[in-house]
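>>> This is a predicted model, with the sequence first.
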Amino acid sequence: MIKGGGDAEGSARVVMETGEFDYAWNTQIPPETQASMTAAGKGQFVVAFGTLVERIEMNTTDPSPDLPEGERSTAKHPHPILSDIKVRTALSKAIDRSILVEVGYGAGGKPTCNVIPGPEGWASDNEGCIAQDMEGAKALLDEAGWTDTDGDGIRDKDGKPLNILYQTTVNPIRQDFQALIKDWWTELGVNVELKAIDPGVFFGGDPGSPDTFQKFYADVEMYANNSESPDPESYLGQYQCKNAPTPETQWQGENINRFCTPEYDALYATMATTTDLAARQDIAKKLNDMVTKDSMIVVPLVHRGTLSAHSNALGGVQINAWDSELWNVADWFRVK
């Protein structure tokens, strides 16, 4: 018997604790609950990793409400703080991704530095962000001229404090992440304001709302995104200059960072006309690196997997991130 729908914890419980069902999807539950259910001895969790990545997006434009309407978060006004790669890199270095996985996803996640974390042949060997480096982060902010001149614990530069507005959706795991990351950034000397938005509004795309992820009226924002295909060409196209949301596009567009370099656009155009698999994979890795470690406009946090559960009495289960969870159901069997 298969259980799907309803709440994640209830779906997992009827397989892992009560044994009423043989298989359940939608079991993304807190790590401590995963552990207690596994201890019951009636089932096991299985996970498949596709390309879903929880990340922080950096705004390269100024979202200040003091700007004229129609000019906030547009290329007319570069961001006064985050235009500096040293600041963006410092914010990334201060994050302990392993703790985020431990707190938020358990077996259903792993730390990552890539927007394209898989399949294996497409993923860059970019692992420089995995280990937290608080001292390195502080040194970068010093180099960028952000120091605490008045001893109030907040760095400042040219008389302006290092303030960051950090928004995401209303979601228990994301609020846990916000709290942790705020603590790390506060240790750096950053003044962090948190904002949580209803997912229906954040992802709704209403051009009249100030709270959509495309409008990006904040300094940084956090959510998950993924390539729907193992070949990430279409997904990587979002970072082309032409895809930045603007008032002229009714704030529609996938390049929410307003990232724009001729080098990226040219390399992406090359990928679109390249048919050799190895060459395409090499280009994809370079494009990934251009928006992550080379620029830090995207700060990947956690490679999220699809977490499901099956009874110990059910054999042959092989979860596949690129197909239906029931893709090999004909091979399932009852363990005797």
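On my side now, so go ahead. Residues are numbered from 1 along each chain as shown.
>>> hey, let's count contacts and neighbours off CA atoms from now on
Fine.
>>> Helix, strand or coil: sort out Leu307 for me.
Remark: Leu307 carries the secondary structure label strand [criterion: DSSP: H, G, I helix; E, B strand; the rest coil].
>>> Per-residue pLDDT of the closest residue to it other than its chain neighbours, please?
Residue nearest to Leu307 in three dimensions, not counting chain neighbours: Val47, with 4.5 Å by CA to CA, 6 or more residues apart in numbering. At Val47, the predicted lDDT confidence score is 94.
>>> Who are the contact partners of Val47?
107-108, 305-308, 319 (CA atoms under 8 Å, 6 or more residues apart in numbering).
>>> Which of the residues you listed sits closest to Pro63?
The shortest separation between Pro63 and any of these is 32.7 Å, and it belongs to Gly305 (by CA to CA).
>>> Distance-wise, check the closest one relative to Asn226.
For Gly305, the distance to Asn226 under the criterion CA to CA, to the nearest Å works out to 11 Å.
>>> Can I get the contacts of Val47 in TSV including distance to Glu135?
Output for the contacts of Val47, formatted as TSV (distance: CA to CA, whole Å):
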residue	distance to Glu135
Ala107	29
Gly108	30
Gly305	31
Thr306	35
Leu307	35
Ser308	39
Ile319	41
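>>> Can you pull the phi and psi angles for the nearest residue to Ile85 once chain neighbours are set aside?
Leaving aside its chain neighbours, Ile85 sits nearest to Ser295 (6.3 Å; criterion: CA to CA, 6+ apart). Dihedral angles phi and psi of Ser295 (degrees, to the nearest 10) take the values phi -130, psi -30.
>>> so Ser295 sits right up against Lys86, yeah?
No: between Ser295 and Lys86 there is no contact under CA atoms under 8 Å: 9.4 Å.
>>> With neighbour numbers in mind, choose between these two.
Lys86 (21 against 17; other CA atoms under 10 Å).
>>> Which residues are in contact with the more buried one?
Taking CA under 8 Å, 6+ apart, one finds 140-141, 143-144 in contact with Lys86.
>>> any idea whether it is helix, strand or coil?
Secondary structure for Lys86, judged by three-state DSSP, is helix.
>>> Could you check how far it is from Asp294?
Noted for Lys86: a distance of 11 Å to Asp294, by CA to CA.
>>> the helices in the stretch 101-250 of the chain, which residues?
Counting by DSSP state H, counting those that start in this stretch, the segments of the stretch 101-250 of the chain that form helices are 134-143, 172-188, 199-202, 233-236.
>>> Mind checking those for the one nearest to Tyr268?
Closest among these, using CA to CA: helix 233-236, at 7.7 Å.
>>> same for the very next helix or strand once past that closest one, what does it pack against?
Once the chain leaves helix 233-236, the next helix or strand it forms, by DSSP states H and E, is helix 262-272. With contacts defined as 3 or more CA pairs under 8 Å, 6 or more residues apart in numbering; DSSP states H and E, the secondary structure elements packing on helix 262-272 are helix 233-236, helix 277-291.
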